[in-house]
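Asker: below are the sequence and a predicted model; questions follow.
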Amino acid sequence: MLGRRQQEEDPETTLARCIVLLDDIRAYRRKDIKQVEAQFAPLKKARFKDIYDMWVKARPSAEKIVDMPLKVPGVRQSISRLAWLGVTNKVFLIFLMLFVALLIVPVWTRPLGPSFLGVNGLLYAAFFVLLVVVSMTVSTVMDYRIRKKIIAYEKSTMDQYAPAREKMKECASRIMTTLAKEVSRSKKDPNDYGLVLYFDDYDNLEVVNKWKPRSMFFFKKSYNHFQVIPKP
């Protein structure tokens, strides 16, 4: 429901997406404010202009929160290196797929010959696999260290960012109330507008599931995810 945006999207879906974005920002998830603005923009043309105006007033608070990680010493440089490493990972994966294709697809043997890689074909393949594994492992470790630094900074600046996060909560609650009313008014199924949020303290919602997400499929994280539906 909150995946690829349709050309003509019903207002309930737009409202639901905006709730998720505000909840993400409140939880210190990194967001591009320009992209968030683009999600709110359709609301200024409809009967939800008051919601858009609310976002305009709340935008400085959102910007303050999303800029927070860049204020942590050393994190800006680490994020830049991680971004370049992500590009490197994609390049390694592309080369690995091409290399495997050269090894297993018969059509390549005609122009290149059956032994164009010699006896070390499997060794080359193993080398590329190792590069991919090492590169992705380094990315995971770097991301973990960045998050650890940010979490430590969050804890030391809770009071400083509390008003901005409270603003995100107020806005999300107001939109959730509007969403619940719209779903009820249009007699649509609330389950069609289920959301996964970091917080469950907004107005007009019902929690239908709660769990702790896992890292690397094994280790539970310290926060919860809540699956909720709008409730009039």
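Answerer: Thanks, I have the structure now. Residues are numbered from 1 along each chain as shown.

Asker: and the next helix or strand past the worst-scoring helix or strand of the chain on mean pLDDT?
Answerer: Across the helices and strands of the chain, mean pLDDT, DSSP states H and E gives its lowest value to helix 109-112, namely a mean of 53. In the C-terminal direction, the helix or strand that comes right after helix 109-112 (DSSP states H and E) is helix 121-156.

Asker: now do the buried residues in that next one.
Answerer: Buried residues in helix 121-156, defined by neighbour count with 16 or more other Cβ atoms under 10 Å: Ala125, Phe128, Leu131, Ser135, Ser139, Met142, Ile146, Lys149, Ile150, Tyr153, Glu154. (C-beta placed from N, C-alpha, C; glycine too.)

Asker: my read: the second one touches Met97, true?
Answerer: No - using Cβ atoms under 8 Å, Phe128 and Met97 do not qualify as a contacting pair, with a distance of 9.4 Å.

Asker: if we can go back for a sec, closest one of the buried residues of helix 121-156 to Val66?
Answerer: Val66 has its nearest neighbour among the buried residues of helix 121-156 in Ile150, at 11.6 Å by Cβ to Cβ.

Asker: what sits against the closest one?
Answerer: Tyr28, Met68, Pro69, Val72, Val75 (Cβ atoms under 8 Å, 6 or more residues apart in numbering).

Asker: double-check that Val207 belongs to a strand.
Answerer: Yes - with the criterion set as DSSP: H, G, I helix; E, B strand; the rest coil, the secondary structure at Val207 is a strand.

Asker: I'd guessed it sits against Lys231; true?
Answerer: No - counting by Cβ under 8 Å, Val207 stays clear of Lys231, with 9.7 Å between them.

Asker: which of those two has more neighbours?
Answerer: For Val207 against Lys231, the residue with the higher neighbour count under other Cβ atoms under 10 Å is Lys231, and the figures read 16 against 13.

Asker: which residues touch the closest residue to that one other than its chain neighbours?
Answerer: Distances taken as Cβ to Cβ, 6 or more residues apart in numbering put Glu206 closest to Lys231, at 4.2 Å, once the chain neighbours are dropped. Residues in contact with Glu206, defined by Cβ under 8 Å, 6+ apart, are Pro190, Val228, Ile229, Pro230, Lys231.
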